[in-house]
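Asks: Pasting the sequence and the predicted model now:
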Amino acid sequence: MKSATSFYRDHSIRELLLWCAPALLVGAALRLLMEVRMPFGYIQFDTSDFLLTPFRLLSVHHYVIDSKKAFFTPTFYTIPFLLHIPALVIIPVVQHLMGLIEVVIAGALVRLWFPLWRWIIIPATLLIAASPWQLWYEQTLMGEANYVFFLFLVAWLGTRWALRPAWSWFAWFALALFCICGTRAEGKIMILSGFALIPLVLRPRWKAMLLAAFCLGGLYEIAGLGGGGSHAFSLLYATLFELTPDTIQSAPDIAPYVLPLRDQVARDETDSPTDLVSLAKEINAQVYRYVQEKRGGTGDKVKRLGSEVERDLCVEILKRRPLDVIAMPFVKFRLATDGWSSGADFGRHYLLEKQRAAVARLGDEINVLGVGLTGLPQDQPGMQDFITRHYHPEAMGWFGRYERAWSGASIALRLPDRPATQPRWAHDFISNLPNPRQVIPGVPIYFLIAFAGMIAALCVPGRARIPQAAWLLAMLLTWYAATMVGVTNARFRFAYEPVCYMYACAAIAWAIGLVTGRLRGAKPEGSCTAS
């Protein structure tokens with residue numbers, strides 16, 4: 001690793017920062033404008049799950065993670081409360097700084113991975129820095145901004161370790177993998193990129209390979225201790241619910257409990273999935289009733305046995321109808337391709353009405369958390385008044401217009417829409433569909449170009465191809481899993497849209513380079529030892 005002095009004197013670092021300067025200037029200007037117009041972070045409905053950790057730590061001195069969340073973001077959000085820094089002020093600032101660092105990391109990846117990188121680096125980093133979806137999540141107290149930061153960091157550190165296989169680089173790479181495992185439940189899948197690189201980087205040093213695998217395995221297990229994804233099988237079975245067979249082998253006596261609901265859902269939603277959260281609750285009610293009446297479950301045992309039953313049903317459906325199961329995420333992805341991957345536009349409805357409802361969800365916890373959030377003691381009425389006095393929708397009108405313009409430009413070029421038999425369902429917090437009529441939207445062209453770029457990247461010679469392939473395949477699997485389990489909206493592609501911007505730019509550059517002959521002999525920086 002470089003010292004701080006040699007880091008700034010390194011020609012390649014100065015060159016990278018120079019190439020990223022346009023994106024950094026634009027990104028910094030947008031983030032500064034956001035902070036000036038709305039100096040406090042946005043409290044979303046899920047924020048209360050993250051704030052459970054500081055609440056329990058401050059009230060009863062117990063470190064607890066909500067069962068649906070992984071450990072990193074709740075722990076990160078606890079630090080301002082312990083340091084007596086207003087969390088609604090410092091958390092967005094830190095997340096915006098992480099977003100700017102992410103831009104530089106993306107630029108470094110472009111240099112390491114792609115031929116003709118000088119053609120790509122400015123437009124790719126500009127798109128990432130200026131994305132309104134990035135800005136929205138960085139301003140919001142949720143875990144998405146942290147997740148996408150570590151997604152890019154894992155890619156860069158994995159590439160550097162592959163190019164210079166020193167244990168110091170592996171330690172940083174392993175730490176980044178540990179952090180991404182702790183940001184979202186599906187982030188644990190990214191550990192596969194580390195396991196894939198171990199035999200490729202350390203062969204044939206068997207002891208070193210075993211030691212590295214042991215370290216990653218240990219970090220994975222530690223990351224899983226803090227909860228995360230407790231309702232995964234519930235949402236997964238809700239996604240696959242219509243595929244439940246008439247004769248159920250894994251639990252034959254459950255048929256009377258679930259089949260009537262399955263038939264009702266099949267009649268109501270012919271080609272557009274419904275609210276999977278509400279459906280999962282209805283399914284759980286029937287499964288829990290079955291567990292109580294047929295298996296004698298009581299108390300916490302009901303939920304545990306119910307989760308096992310839903311897991312077995314998912315496995316049975318996969319065995320019986322594998323093609324339908326495999327295709328399900330692609331169906332859900334297409335249904336949300338014209339939606340916003342941010343949660344809202346920071347207009348009156350979201351800043352005032354929805355944010356008040358999110359604060360109300362905290363209940364009496366606000367008596368403990370209020371001073372840490374705002375710097376002043378707060379109760380529920382006081383916090384509601386704080387929202388009215390400090391969040392001004394008219395000041396954020398520019399951002400809503402910016403989001404609409406960005407979304408319109410992104411989806412303008414897409415495959416043909418097709419009619420649907422019913423209006424599409426949209427999540428209450430992620431409901432910005434420009435065309436909520438009975439239409440199945442076509443896939444935007446930039447996604448197709450990006451996927452073509454990902455395929456082409458696997459064929460580009462160079463030492464960086466191996467870590468890029470390991471990361472890319474793990475990333476696509478993570479995206480696929482998140483779409484499979486998550487509700488049908490654009491939120492679950494948030495972290496992967498910046499990646500698509502990067503690969504779409506690369507694909508266009510490759511196409512131009514092939515036509516003009518400029519691609520011949522061009523090499524990414526990862527093809528040599530320099531970086």
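Replies: Alright, I've got the coordinates.
Asks: Next, the residues that contact stretch 290-310 from outside, please.
Replies: Stretch 290-310 is contacted from outside by 233-234, 236-237, 250-251, 253-254, 257-258, 283-284, 287-288, using CB atoms under 8 Å, 6 or more residues apart in numbering. Any C-beta I mention is one placed from the backbone N, CA and C, and that applies to glycine too.
Asks: which among the residues you listed gets closest to residue 43?
Replies: Using CB to CB, residue 234 comes nearest to residue 43 of the contacts of stretch 290-310, at 25.5 Å.
Asks: and the host helix or strand of residue 58, what does it pack onto?
Replies: Here residue 58 sits within helix 47-59, counting by DSSP states H and E. Here helix 47-59 touches helix 72-83, helix 355-362, helix 366-374, going by 3 or more CB pairs under 8 Å, 6 or more residues apart in numbering; DSSP states H and E.
Asks: any idea which of the ones you listed is most buried?
Replies: Neighbour counts (mean count of other CB atoms under 10 Å) averaged over each of the helices and strands packed on helix 47-59 peak at helix 366-374, with a mean of 21.
Asks: Just the buried residues from the contacts of stretch 290-310, in PyMOL please.
Replies: Remark: buried members of these, expressed as a PyMOL selection using 16 or more other CB atoms under 10 Å:
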select buried, resi 233+234+236+237+250+251+254+257+258+283+284+287+288
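Asks: hang on, the earlier thing: residue 221 is nearest to which of the helices and strands packed on helix 47-59?
Replies: Residue 221 lies closest to helix 72-83 among these, at 15.5 Å (CB to CB).
Asks: what's the angle from the closest one to helix 366-374?
Replies: Between helix 72-83 and helix 366-374, the angle comes out at 90 degrees (axes from the mean of the first three to the mean of the last three CA atoms, to 10 degrees).
Asks: Now do helix 72-83: everything it contacts.
Replies: When contacts are defined by CB under 8 Å, 6+ apart, helix 72-83 is touched by residues 49-54, 57-58, 65-66, 86-87, 90-91, 141-143, 146, 179, 182-183, 226, 369, 372.
Asks: for stretch 194-202, same thing?
Replies: In contact with stretch 194-202 (CB under 8 Å, 6+ apart) are residues 158, 161-162, 165, 173-174, 177, 208-209, 212-213, 216, 466-467, 470, 473-474.
Asks: So among the residues you listed, which ones count as buried?
Replies: Buried among the contacts of stretch 194-202 (16+ other CB under 10 Å): 158, 161-162, 165, 173-174, 177, 208-209, 212, 216, 466-467, 470, 474.
Asks: So for the helix holding residue 58, mean pLDDT?
Replies: For helix 47-59, mean pLDDT is 95.
Asks: What ranges does the stretch 401-531 of the chain have for its strands?
Replies: Ranges of strands in the stretch 401-531 of the chain, per DSSP state E, counting those that start in this stretch, are 418-419, 439-440.
Asks: Counting only helices, which of the contacts of stretch 290-310 make the cut?
Replies: Of the contacts of stretch 290-310, the ones assigned to helices by DSSP state H are 233, 234, 236, 237, 257, 258, 283, 284, 287, 288.
Asks: Neighbours of the closest residue to residue 208 other than its chain neighbours, how many?
Replies: Once flanking residues are discounted, residue 208 sits nearest to residue 202: 4.7 Å by CB to CB, 6 or more residues apart in numbering. The criterion is other CB atoms under 10 Å. On that basis, residue 202 has 19 neighbouring residues.
Asks: Quick check: pLDDT value at residue 202.
Replies: Turning to residue 202, the model gives it a pLDDT of 92.
Asks: same check, this time on residue 10
Replies: Looking at residue 10, the pLDDT reads 65.
Asks: For the ones in helices among the contacts of stretch 290-310, which two are the farthest from each other?
Replies: Spatial extent of those (CB to CB) is set by the pair 236 and 257 at 18.2 Å.
Asks: Any stretches of this protein with poor pLDDT?
Replies: For the chain, applying pLDDT under 70 flags the ranges 1-10, 226-232, 269-275, 424-437, 520-521, 526-531.
Asks: Report the residue ranges of every domain in it.
Replies: Domain ranges of the chain: 4-228+445-527, 232-320, per automatic domain parsing.
Asks: Redo these as CSV? Include distance to residue 347.
Replies: Shown next, in CSV, are these (distance: least, CB to CB, whole Å):
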stretch, distance to residue 347
domain 4-228+445-527, 12
domain 232-320, 22
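Asks: so which of the ones you listed gets nearest residue 340?
Replies: Closest approach to residue 340 among the domains of the chain is made by domain 4-228+445-527 (5.9 Å; CB to CB).
Asks: Residue 179: which element?
Replies: Here residue 179 is assigned to helix 167-181, by DSSP H and E.
Asks: Residue 441 reaches residue 417, doesn't it?
Replies: Yes - checked against CB atoms under 8 Å, the pair residue 441 and residue 417 is within contact range at 5.3 Å.
Asks: For those two, work out which one has more neighbours and name it.
Replies: More crowded of residue 441 and residue 417, by other CB under 10 Å: residue 441, with 22 against 13.
Asks: Spit out the contact partners of that one.
Replies: Here residue 441 is in contact with 334, 335, 337, 338, 411, 414, 417, 435 (CB under 8 Å, 6+ apart).
Asks: Could you report the separation of the fourth one from residue 410?
Replies: It refers to residue 338. Between residue 338 and residue 410 the computed distance is 9 Å (CB to CB, to the nearest Å).
Asks: Overlap in contacts, these two.
Replies: Common contacts of residue 338 and residue 410 (CB under 8 Å, 6+ apart): residue 444.
Asks: burial measure for residue 376, as a count.
Replies: Residue 376 has 10 neighbours, counted by other CB under 10 Å.
Asks: try residue 176
Replies: By the measure other CB under 10 Å, the count of residues near residue 176 is 22.
Asks: so how far is residue 22 from it?
Replies: Noted for residue 176: a distance of 27 Å to residue 22, by CB to CB.
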